[in-house]
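Asks: what would the 3D arrangement of this be:
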Amino acid sequence: FYTSGTTGRPKGAELTHRGLVGQLSTVALVPSPPGRSEVLMGLPVAHIMGFIALLGPLVMGLPVYFLDRFSPTRALDAIEQRKPFAFVGVPAMYRMMLEAGAEDRDLTSVHFWTSGADVMPADLAREFKSFGSTAVLPFVGPVGEATFLEGYGMVEVAGGVAAKVSPPNMPLGLGDSLGVRLPGWKFRVVDEAGEVVRSGRVGELEVTGPGVLKGYWGDEKNSAAVLTEDGWVRTGDLVRSGPFGTFIFHGRAKNVVVSGGYTVYPLEVEADLEEHPDVAEAAVVGAPDARFGESVVAAVRLREGATVTGEELVEWAGQRMARYKAPRRVAVVDELPRTGTRKVQRAKLLELFEPA
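Replies: Numbering: from 1, shown residues only. Below is the predicted model:
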């Protein structure tokens, strides 16, 4: 399987049958839900999440209805017409469906919303939980709200290594937590020297378990960079340990902005910008800066009909964020550059900003 190439040329991860299928074997023990049990999916199967999202229902004996090309309107139409009990997508798809009028559609057949491949905003997950239902009862209709499932993983580990569940009518399993480790996996958090950090300190997450790649196809240099000598995968994700065996996500190590000696995690700034009523989505990067080394800049996509300018957003952010975190420049764009799995290609955002 090839990486999606958000930060460079895609690399071919050598995976094993044990890694791809073996870790899903216990799914066969899960009983099929009663009634119509179809899964709706709009992911490319050439991506690791799409492949695992196909294998899971296959092992359980559940039919999957594919959208050959994702469209928010087609997805909403399919939910209303086919009444699937589960939907599998990525956060960008949920955003698009919300903007396409999801709240005005009948989505109550969905009892399980599932996401992965990127960080799912808690508010967005809450909205879709309310659109679904816990069950549809005869003579009563839909009751309760849906469950939201979110997985964490990557191509280098043949799928998922952690998961979290947000049950109906409960504010649990949302936010920046990666969730809990899946069976067979081990986690550790290390510093730049590869030493395990104290509990609660931010460091890079390393994992080992049944799905670890053999290496990158024909690429010894990158294989050595991602695999430790004792068989752990360097994820490139910054985390800290949380309560009850969970891990809190702080962003990609390569995406961290160091401005004037201060460390800025783009995820925090993006969450703040998206609280502005006119901002639909934000992406933050570090632009070269002669004075500070890097300066925090952002590209934002506005909600339909919004007229706020980049300068106004810079002023608004400066009043609510620490000075070193607040974006110095904001570019308003029609669309954010994305990969085939809808991840934002941050490197391309730098083209919007001239060196300061």
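Asks: for this protein, longest helix please?
Replies: helix 48-60 (DSSP state H).
Asks: buried stuff in that one?
Replies: Neighbour counts over helix 48-60 (16 or more other C-beta atoms under 10 Å) mark 48-57, 59-60 as buried. All C-beta spots, glycine's among them, are computed from the backbone N, C-alpha and C.
Asks: try stretch 320-333
Replies: Within stretch 320-333, judged by 16+ other C-beta under 10 Å, the buried ones are 321, 325-332.
Asks: what's the end-to-end length of that stretch?
Replies: 23 Å (C-alpha to C-alpha, to the nearest Å).
Asks: go on, stretch 301-311?
Replies: Counting by C-alpha to C-alpha, you get 14 Å between the two ends of stretch 301-311.
Asks: which residues does it contact?
Replies: With contact meaning C-beta atoms under 8 Å, 6 or more residues apart in numbering, stretch 301-311 is reached by 99, 276-282, 300, 329-336.
Asks: and that stretch, what's its mean pLDDT?
Replies: Across stretch 301-311, the average pLDDT comes to 93.
Asks: same question, stretch 105-115
Replies: On average, stretch 105-115 scores 95.
Asks: picking that back up, just the ones of the contacts of stretch 301-311 in helices?
Replies: E99.
Asks: one step back: Y152: which of the buried residues of helix 48-60 is nearest?
Replies: M49 (10.6 Å; C-beta to C-beta).
Asks: thinking again about what came up before, next SSE after the longest helix of the chain?
Replies: Proceeding N to C from helix 48-60, the next assigned helix or strand is strand 64-66, under DSSP states H and E.
Asks: name the helices or strands packed onto that next one?
Replies: Packed against strand 64-66 by the contact rule (3 or more C-beta pairs under 8 Å, 6 or more residues apart in numbering; DSSP states H and E) you find strand 39-41, helix 48-60.
Asks: can you list contacts of that strand?
Replies: For strand 64-66, contacts defined as C-beta under 8 Å, 6+ apart pick out 38-42, 54, 57-58, 78, 82, 84.
Asks: run the last query once more with 10 Å
Replies: By C-beta atoms under 10 Å, 6 or more residues apart in numbering, the residues outside strand 64-66 that reach it are 38-45, 50, 53-54, 56-58, 78-79, 82, 84, 86, 88.
Asks: next SSE downstream of that strand?
Replies: Per DSSP H and E, strand 64-66 leads on to helix 72-82 as the next helix or strand towards the C-terminus.
Asks: show me what the helix or strand just after that following helix pairs with in its sheet, parallel or antiparallel.
Replies: Once the chain leaves helix 72-82, the next helix or strand it forms, by DSSP H and E, is strand 86-89. According to DSSP bridges, strand 86-89 forms sheet pairs with strand 39-41 (parallel), strand 112-115 (parallel).
Asks: adding distance to K129 and mean neighbour count as columns, could you present the ones you listed in JSON lines?
Replies: JSON lines is the format used below for the strands paired with strand 86-89 (distance: least, C-beta to C-beta, whole Å; neighbours: other C-beta atoms under 10 Å):
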{"stretch": "strand 39-41", "distance to K129": "17", "mean neighbour count": "22"}
{"stretch": "strand 112-115", "distance to K129": "7", "mean neighbour count": "22"}
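Asks: quick one: which of the ones you listed is nearest V314?
Replies: strand 112-115 (30.9 Å).
Asks: now the strands for the stretch 101-250 of the chain?
Replies: Taking DSSP state E, counting those that start in this stretch, the strands of the stretch 101-250 of the chain run over residues 112-115, 135-137, 141-143, 147-154, 159-166, 180-181, 186-190, 203-208, 215-216, 233-241, 247-252.
Asks: alright, calling it a day.
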